[in-house]
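> Sequence first, then the predicted structure:
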Amino acid sequence: MTSQIIPVEPFDFIIFGGTGDLAERKLLPALFQRQQAGQFSDPTRIIGASRAKLTDKEYRDFARTAICDHVKPEEIAATQLDSFLARLSYVAADAVSGDGFARLKKALDGSDSIRAFYLAVAPSLFGSISTNLKEHGMITANSRIVVEKPIGRDLASARELNDQIGKVFSEQQIFRIDHYLGKETVQNLMALRFANALYEPLWNSAHIDHVQITVAETVGLEDRVTYYDKAGALRDMMQNHMLQLLCLVAMEAPASMEADAVRDEKLKVLRSLRRINGNEAPKVSVRGQYRAGASSNGPVKGYVEELANGESSTETFVAIKAEIGNWRWAGVPFYLRTGKRLASRVSEIVIEFKPIPHSIFEESAGNITANQLVIRLQPDEGVKQWIMIKDPGPGGMRLRNVPLDMSFAESFQERNPDAYERLIMDVIRGNQTLFMRRDEVEAAWAWIDPIHNAWDDSRQETQGYTAGTWGPSASIALIERDGRTWHES
Ligand code: BG6
């Protein structure tokens, strides 16, 4: 099956941080893929901006290398690459002094295309870039701004950043990226829930025992020491990606796929999350930090050994038992866990249904396992519905738990586009459904902050775990205390 490509209107895409890691690994490859898929209309232009003094030619060379390093060679058509690079130019600009913004304005003048200013820079520069864009008269009615997380490190700093951007851009022009929302399987969660009649009647506390959300990574710090050591897993993953996944599982059916209809429902979930206070935090949260251990490539150092000063209490793992105080979910725990240097790279959502109320089978038929719906976000994207069946054969009634297995890779032969491809095209189309609204970001911080404060106040220790395992034993105890176990991936 081939998906239909509808070209977007011509646009000017300005990347602040144009020579940075995000531009290199994600933005330029994603833009190239969309051009190659035939989604651009002329005259679309891409302008890199950063402090480095580069010529257009040097920027094109940078982009060529970025694309060759991050797109599979068999997916690159040489003619497409050349015509993509011809769209690129470069402006040296300093976000703080404003130097170079006049040159950028000159480059944009005369174009009435859609303008997307992508801020792939530290959040401390969001305010000054926005102000400089305004002062240089670059913001048209057709302009949008795209910002990346972290949007703050707590509620107060998130408000401040939102205020700074909000002084210049209206909420309809602000696209706050959470790249998890651009992942195919995450969007599929909405299709699964709201395009099928099957699940919705069961999607509540009467039929669901609990939900597990795991985002496990095998990588460690990856040269991000300065950012990561100040953030930790609670801010880096839980406040955004994990809570967004929880929202999509738990929200009510929105009235439509309109951005605000979806975001209103997510917001209600975030506001219904039961606050975790100081006394409760040690019982319902676990913070861990990896020690030396192994990865599939051999031995790896512990977290603190990767730091220059050799000490830190920053968590690289967090597990939380969350509860949603509303009619649909009262009494249904959501167990969330995420961490670095875990046993394997897997992101999945497990919906465990309640056990059957009464068994008619003899003991010899074996155990009856509660039904599980497993939504695998990565790798091996797909959905498995586990059900009990009779073991085939004449040997009497034996029951077996088997999956109805829908592997996306096997069912759809197409390339699985990167989340950024979808999200960048949505920015150009002006569709905010998969972007976070200001109140969502702030509601998420309002739930995260008390957990942090509780950890700080009670000096809740980060518990060590060996790299290459599933995290601290306390994380296993967190769920097993309730008579449940983490789904084995
Ligand atoms: C980022 C986090 O937002 O998401 C990283 O800052 C993390 O720490 C990454 O590694 C995970 O994204 P993905 O798409 O590789 O699962």
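Arrived safely, thanks for sending.
> Spell out which parts of this protein neighbour the ligand.
Selection of the chain residues close to the ligand by CB under 6 Å from any ligand atom yields 217, 236, 347. Every residue, glycine included, has its C-beta placed from N, CA and C.
> mind redoing it with 8 Å?
Contact residues (CB under 8 Å from any ligand atom) of the chain with the ligand: 149-150, 178-180, 183, 215, 217, 219, 222, 224, 227-228, 231, 236-237, 240-241, 340, 345, 347, 377-378, 419.
> Any chance of a ChimeraX selection covering the buried ones in the residues you listed?
The ChimeraX command for the buried members of the residues of the chain next to the ligand (criterion: 16 or more other CB atoms under 10 Å) is given here:
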select :149,150,178,179,180,183,215,217,228,231,236,237,240,241,340,347,377,378,419
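> Among the residues of the chain next to the ligand, which lie within helices?
Mapping those onto helices (DSSP state H) picks out 227-228, 231, 419.
> Could you pull up the contacting residues of the residue in the chain that the ligand sits nearest to?
Per CB to the nearest ligand atom, residue 236 is where the chain lies closest to the ligand, at 4.7 Å. By CB atoms under 8 Å, 6 or more residues apart in numbering, the contact set of residue 236 is 150, 228.
> Please enumerate the helices of the stretch 251-400 of the chain.
Assigned helices in the stretch 251-400 of the chain, in chain order: 259-272, 281-284 (criterion: DSSP state H, counting those that start in this stretch).
> In TSV: the ones you listed, plus mean pLDDT and mean neighbour count.
Output for the helices of the stretch 251-400 of the chain, formatted as TSV (pLDDT from 0 to 100; neighbours: other CB atoms under 10 Å):
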stretch	mean pLDDT	mean neighbour count
helix 259-272	98	19
helix 281-284	94	16
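> out of these, nearest to residue 362?
Closest of those to residue 362 is helix 281-284, at 39.6 Å (criterion: CB to CB).
> Show me what that closest one is packed against.
With contacts taken as 3 or more CB pairs under 8 Å, 6 or more residues apart in numbering; DSSP states H and E, helix 281-284 sits against strand 317-322, helix 438-458.
> ranking the ones you listed by burial, who's on top?
Among the helices and strands packed on helix 281-284, strand 317-322 has the highest mean neighbour count (mean count of other CB atoms under 10 Å), at a mean of 26.
> who does that one pair up with?
Take DSSP bridges as the rule and strand 317-322 pairs in its sheet with strand 285-291 (antiparallel), strand 334-339 (antiparallel).
> send the alpha carbons of it over as CSV?
The C-alpha trace of strand 317-322 is given here as CSV (Å, rounded to 0.1, in the frame of the first residue of the first chain):
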residue,chain,number,x,y,z
PHE,A,317,15.9,5.8,35.7
VAL,A,318,12.5,6.6,37.1
ALA,A,319,9.5,4.4,37.8
ILE,A,320,6.2,5.8,39.1
LYS,A,321,2.9,4.4,40.0
ALA,A,322,0.5,7.1,38.8
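> Shouldn't residue 32 be within a helix?
Yes - under DSSP: H, G, I helix; E, B strand; the rest coil, residue 32 falls within a helix.
> ok, it - contacts?
Taking CB under 8 Å, 6+ apart, we find residue 32 in contact with 67, 71, 76, 80-81, 84.
> Now tell me which helix or strand of this protein has the poorest mean pLDDT.
When each helix and strand of the chain is scored by mean pLDDT, DSSP states H and E, helix 408-411 comes last, with a mean of 72.
> That one - contacts with which helices or strands?
Packed against helix 408-411, as judged by 3+ CB pairs under 8 Å, 6+ apart, are the following elements: helix 184-194.
> could you check the angle helix 259-272 makes with the helix it packs on?
90 degrees (axes from the mean of the first three to the mean of the last three CA atoms, to 10 degrees).
> hang on, the earlier thing: what comes up buried for the least confident helix or strand of the chain?
Buried residues in helix 408-411, counting neighbours by 16+ other CB under 10 Å, are found at residue 408.
> Spatially central residue for this protein, please.
residue 180 (2.6 Å; CA atoms, centre = their mean).
> Please name the residues that touch that residue.
Here residue 180 is in contact with 186, 240-241, 244-245, 377, 419 (CB under 8 Å, 6+ apart).
> In the chain, where is pLDDT below threshold?
Across the chain, the ranges flagged by pLDDT under 70 are 1-3, 412-413.
> Okay, the most far-flung residue of it relative to its centre and residue 267: tell me how far apart.
Each residue of the chain has a distance to the centre, and by CA atoms, centre = their mean the biggest one is for residue 394: 48.4 Å. Distance, residue 394 to residue 267, using CB to CB, to the nearest Å: 56 Å.
> Could you tell me how many residues sit around residue 169?
As a burial measure, residue 169 scores 19 neighbours (other CB atoms under 10 Å).
> pretty sure it contacts residue 145?
Yes - with contact defined as CB atoms under 8 Å, residue 169 counts as touching residue 145 (5.0 Å).
> Now do the shared contacts for the two.
Here residue 169 and residue 145 share the contacting residues residue 130, scored by CB under 8 Å, 6+ apart.
> Excluding residues flanking it in the chain, which one is nearest residue 305?
Sequence neighbours aside, residue 292 is the residue nearest to residue 305 in space, at 6.7 Å (criterion: CB to CB, 6 or more residues apart in numbering).
> Repeat that for residue 243.
Counting by CB to CB, 6+ apart, the residue nearest residue 243 is residue 444, at 4.9 Å.
> Contact partners for the one you found?
Contacts were defined as CB under 8 Å, 6+ apart; by that measure residue 444 touches 239-240, 243, 270.
> For residue 107, give me its contacts.
Per CB under 8 Å, 6+ apart, neighbours of residue 107: 47, 89, 91.
> Buried residues in the one helix or strand it maps to, which are they?
Element membership of residue 107, judged by DSSP states H and E, is helix 101-108. Within helix 101-108, the residues scored as buried using 16+ other CB under 10 Å are 101, 104-105, 107-108.
> what's the first-to-last distance across stretch 386-399?
In stretch 386-399, first residue to last residue: 13 Å (CA to CA, to the nearest Å).
> What of stretch 67-81?
End-to-end distance of stretch 67-81 (CA to CA): 9 Å.
> With stretch 470-487 instead?
End-to-end distance (CA to CA), stretch 470-487: 11 Å.
> Of the contacts of residue 444, which pair is most distant in space?
Maximum pairwise distance among those (CB to CB): 11.4 Å, between 240 and 270.
> SS state for residue 132?
In three-state terms, and counting by three-state DSSP, residue 132 is helix.
> again, but for residue 464
The local conformation at residue 464, judged by three-state DSSP, is strand.
> Including mean neighbour count, could the strands paired with strand 317-322 go into TSV?
Converted to TSV, the strands paired with strand 317-322 look like this (neighbours: other CB atoms under 10 Å):
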stretch	mean neighbour count
strand 285-291	25
strand 334-339	24
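> how about the ones you listed in CSV, adding distance to residue 309?
Converted to CSV, the strands paired with strand 317-322 look like this (distance: least, CB to CB, whole Å):
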stretch, distance to residue 309
strand 285-291, 15
strand 334-339, 22
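> re the thing from before, and of the helices and strands packed on helix 281-284, who's closest to residue 130?
Closest approach to residue 130 among those is made by helix 438-458 (14.2 Å; CB to CB).
> Tell me what angle that closest one forms with helix 259-272.
Between the axes of helix 438-458 and helix 259-272, defined by the same axes, to 10 degrees, the angle is 20 degrees.
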